[in-house]
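> my questions concern the predicted model and sequence given below.
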Amino acid sequence: MADMRRESARQEARSFGLGLLIGAALGAGAALLLAPATGEATRRQLRRGARKLYERGEDTLSELVEDTDRNARRFARRGLKRGRKLVADARDTVGW
């Protein structure tokens, strides 16, 4: 149960971090659009920012997939172990 709470807290922290990252990117984009720069310079900065945001999002998604896979495997192992124990206990109970 504690592992599930810890994992939930970790997921919430990642969601918050991702939201913060997206908010910062949107804020930076708005600042660039409102800043006194040439259109070409502004577009170049927006392209760079979008590229960086995409790369960060890719990294975050990759980490999330790895964490989810690792946790799924861990929970599956626990479930199998517990299932085997329940089967063994049931066999002992009925005298099989």
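On my side now, so go ahead.

> tell me where this structure is predicted with low confidence.
Per-residue confidence for the chain (pLDDT under 70) gives these ranges: 1, 37.

> by residue count, which helix of this protein is the longest?
Secondary structure of the chain per DSSP state H: the longest helix is helix 39-94.

> so how far is that helix off the chain centroid?
Relative to its parent chain, helix 39-94 has a centroid offset of 6 Å by C-alpha atoms, centre = their mean, to the nearest Å.

> against which helices or strands is it packed?
helix 2-34 (3 or more C-beta pairs under 8 Å, 6 or more residues apart in numbering; DSSP states H and E). Every C-beta, even on glycine, is put in place using the N, C-alpha and C of the backbone.

> of all the residues in the helix it packs on, which ones are buried?
Buried residues in helix 2-34, counted by 16 or more other C-beta atoms under 10 Å: A25, G29, L32.

> would you turn those residues into JSON lines with distance to A90?
Output for those, formatted as JSON lines (distance: C-beta to C-beta, whole Å):
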{"residue": "A25", "distance to A90": "55"}
{"residue": "G29", "distance to A90": "61"}
{"residue": "L32", "distance to A90": "66"}
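
> specify which member of those residues is nearest to K85.
Within those, the smallest distance to K85 is 48.9 Å, found for A25 (C-beta to C-beta).
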